[in-house]
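> I'd like to go over a predicted model; first the sequence, then the structure.
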Amino acid sequence: MNGPSLVQAGKALLVRDLRLLWRRRGDAFQPALFALLVVVLFALALGGEPQALAKVASAVMWVAVLLAGLLSLDTLFRGDAEDGSLEQWILAPVPLAWLVAVRVLSHWLTTALPLILATPLLGELLHLPHDQLPVLLASLALGTPLLSLLGAVVAALTVGMRRSGILVALLALPLYVPVLIFGAGSVARSAQGLDAIGALLFLGAGLVLALVLAPLAAAAAIRIALH
Amino acid sequence: MTLPPHSSLPLLAARGLAFARNDEPVFGPLDFAVGAGEALLVQGDNGAGKTTLLRVLAGLLRADSGEIDIDGRPAQASLRARAIAYLSHLPALKADLNALENLNFLCGLHGRRTRQLPGNALGMVGLAGYEDTVARQLSAGQKKRLSLARLWLSPAPLWLLDEPYANLDLDGINLVNRMISAHLREGGAALVTTHGAYAAPPVRTRMLVLERAA
């Protein structure tokens, strides 16, 4: 039997997701707009004091990116569960964990990556000191895929429930806190003139661990949810 | 298909298959077998457990007891994934994608027979000219036809069809019967759930009547 290879199935899913996103680009921009809103409001609220803004700039960026990711988490598997696509994922000859991993990749590509690319601009808005920008970018590049992976486990756990908006946030919060601490912490350390590499390595280690375990956990949760 | 077309072993065999939900038996224990070139009609009233039986066979639900063999081998997940194509109540179509894009995605996920092309399959199920129509604008019957096109492209020898005649017009019912006949001629097998025998395909069929557990 000529079943599809991992690459073929993954590519088909990725193409589908990007196409769907393009068809509903109004909805797709919501997380990015939300993050922009948080940043702009912060800048306006503390606008009179550039020094005060510069001090919290990296933390604000991290919180904005984290909340934007959280906003789109509930839709990660819900649409596919409701129209029966998840059933066909489970029945496909490729491992469900692989499809979950590809789905998380498309989530990260469409919610976190645009924000990382916009970080230099948003940083200017927040008077982010220029020497902190490389560390902030590095911490976001390592931290946001980790957030997407952890979020996928939570989204998979709640996919069987009809409405789970606040539950997703509550379940994701304790998992997100360490990422936030190491992510924002790395920039804070470098701002104090300390070495930020330790915190970044922790983020990297977490990312490697989550890359292996989170798709498996999310796949198991989806199987349970669809029973 | 690499499975031998007319092997002596049944393509699908179940022994003592039973399923219970919250300790309430839904069906079983059931014993049945479907050979290559055969169709099994699963009949029963609403709530008799027809859909549940198909979901158990597909591997979406775990049976409480009993064994399932595919082509003489215990039905492991990887074997099931390659041998079974499942037509569910849920169409698994994305409303914002057009017919051809939906079909291409599902083929990418499940693989497709080497000689068949998605465009031709759409023509076969009567959806020629609807390639660029987004799924949200298709009627329920047309969505069913699109799912049938996916099934036609699937390389799996064993079809599990849950109410394939639902939402279809007379021409559609004939289409399902033609598809099942052609599939069986090529050495495949099909399990078909229906309420009654009014639309049985003109092929060698066995019957399995499910009764609601008391």
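Ah, there it is.
> do you know how far B:Phe32 is from B:Leu17?
Look at B:Phe32 and B:Leu17: by C-beta to C-beta, to the nearest Å, they are 8 Å apart. The C-beta positions use only the backbone N, C-alpha and C, and glycine is treated the same way.
> in the helix or strand of chain B with the lowest mean pLDDT, what counts as buried?
For chain B, counting by mean pLDDT, DSSP states H and E, strand B:205-210 ranks last in confidence among helices and strands (a mean of 80). For strand B:205-210, a neighbour-count test (16 or more other C-beta atoms under 10 Å in any protein chain shown) marks B:205, B:208, B:210 as buried.
> Stretch B:104-119 now?
B:104-113, B:116, B:118.
> from the chain's centre, how far out does the top helix by length along chain B sit?
Assignment by DSSP state H gives helix B:170-185 as the longest helix of chain B. Centroid separation between helix B:170-185 and its chain, computed with C-alpha atoms, centre = their mean, to the nearest Å, is 12 Å.
> Report all helices and strands that that helix contacts.
Helices and strands touching helix B:170-185, by 3 or more C-beta pairs under 8 Å, 6 or more residues apart in numbering or on different chains; DSSP states H and E, are helix B:140-153, strand B:158-162, strand B:189-194.
> ok, residues contacting that helix?
Contacts to helix B:170-185, defined as C-beta atoms under 8 Å, 6 or more residues apart in numbering or on different chains, come from residues B:37-39, B:125-126, B:141, B:144-145, B:148, B:151-152, B:159, B:161, B:164-165, B:168, B:190, B:192, B:199-204.
> show me where pLDDT drops low in chain B?
Applying pLDDT under 70 to chain B picks out residues B:1-8, B:196-200, B:212-214.
> again, only using 50
Along chain B, the model assigns pLDDT under 50 to residues B:1-6.
> what does it have sitting close to chain A?
B:1-3, B:58-62, B:78, B:80-84, B:86, B:88-97, B:101, B:104-114, B:155-156 (C-beta under 8 Å from any C-beta of the partner chain).
> again, 6 Å this time
Residues of chain B lying near chain A by C-beta under 6 Å from any C-beta of the partner chain: B:2, B:58, B:81-82, B:86, B:88, B:90, B:92, B:94, B:96, B:105, B:108-111, B:155.
> From those, which land in helices?
Filtering the residues of chain B next to chain A for helices - DSSP H - leaves B:58, B:81-82, B:105, B:108-110.
> Can you tell me which of these is closest to chain A?
Closest approach between those and chain A, by C-beta to the nearest C-beta: B:Gly108, at 2.4 Å.
> roughly how far apart are the closest one and B:Glu211?
According to C-beta to C-beta, B:Gly108 stands 40 Å off from B:Glu211.
> re earlier: just tell me which of the helices and strands packed on helix B:170-185 ends up closest to A:Leu137.
Closest to A:Leu137 of these is helix B:140-153 (C-beta to C-beta; 43.3 Å).
> Which residues does the closest one contact?
Applying C-beta atoms under 6 Å, 6 or more residues apart in numbering or on different chains, the contact partners of helix B:140-153 are B:85, B:87, B:91, B:93, B:99, B:103, B:106-107, B:112, B:116, B:121-122, B:125-127, B:167-168.
> that older thread, A:Leu67: which of the ones in helices among the residues of chain B next to chain A is nearest?
Distances from A:Leu67 to those, taken by C-beta to C-beta, are shortest for B:Phe105, at 31.1 Å.
> Taking the centroid of chain A, which residue is nearest it?
A:Ser148 (3.4 Å; C-alpha atoms, centre = their mean).
> Setting aside sequence neighbours, what's the nearest residue to that one?
Leaving aside its sequence neighbours, A:Ser148 sits nearest to A:Trp108 (C-beta to C-beta, 6 or more residues apart in numbering or on different chains; 4.3 Å).
> Whatever helix or strand the one you found lives in packs against which elements?
Secondary structure from DSSP states H and E places A:Trp108 in helix A:96-125. Packing partners of helix A:96-125 (3 or more C-beta pairs under 6 Å, 6 or more residues apart in numbering or on different chains; DSSP states H and E): helix A:6-23, helix A:30-45, helix A:85-91, helix A:133-157, helix A:197-225.
> hmm, 8 Å instead?
helix A:6-23, helix A:30-45, helix A:50-71, helix A:75-82, helix A:85-91, helix A:133-157, helix A:197-225.
> Roughly how far does the closest residue to B:Asn46 other than its chain neighbours sit from chain A?
Nearest residue to B:Asn46 in three dimensions, chain neighbours excluded: B:His195, at 7.7 Å (C-beta to C-beta, 6+ apart). B:His195 sits 21 Å away from chain A, going by C-beta to the nearest C-beta, to the nearest Å.
> these two touch, right, B:His195 and B:Leu41?
No: using C-beta atoms under 8 Å as the test, B:His195 is too far from B:Leu41 to be in contact (10.8 Å).
> These two: who's more crowded?
Counted by other C-beta atoms under 10 Å in any protein chain shown, B:His195 and B:Leu41 do not tie: B:Leu41 has more neighbours, with 19 against 15.
> quick one: contacts of the helix or strand that contains that one?
According to DSSP H and E, B:Leu41 maps onto strand B:39-44. Under the criterion C-beta under 8 Å, 6+ apart, residues B:32, B:34, B:50, B:53-54, B:180, B:184, B:189-197, B:200-201, B:203-212 lie in contact with strand B:39-44.
> again with stretch A:71-81
Under C-beta under 8 Å, 6+ apart, the answer for stretch A:71-81 is A:30-31, A:34, A:85-86, A:89, A:103-104, A:107, A:111, A:151-152, A:154-156, A:158-160, A:164-165, A:168, A:172, A:222, A:225-226, B:94.
> Show me which residues of chain A sit near chain B.
A:1-4, A:8-9, A:11-13, A:15-16, A:19-20, A:23-24, A:79, A:83-85, A:87-94, A:99, A:226-227.
> and those, which are buried?
Counted by 16+ other C-beta under 10 Å, the residues of chain A next to chain B give A:3-4, A:9, A:12-13, A:16, A:20, A:23, A:83-85, A:87-94, A:99, A:226 as buried.
> ok, B:Leu53 touching B:Phe27?
Yes: the pair B:Leu53 / B:Phe27 is scored as a contact, 5.7 Å apart, by C-beta under 8 Å.
> Low-confidence ranges, chain A, go.
Filtered on pLDDT under 50, chain A yields the residue ranges A:1.
> let's see it at 80
Scanning chain A for pLDDT under 80 picks out the ranges A:1-4, A:28, A:47-48, A:162-165, A:227.
> which residues are common contacts for B:Leu53 and B:Phe27?
What both B:Leu53 and B:Phe27 touch, as defined by C-beta under 8 Å, 6+ apart, is the set B:17, B:19, B:210.
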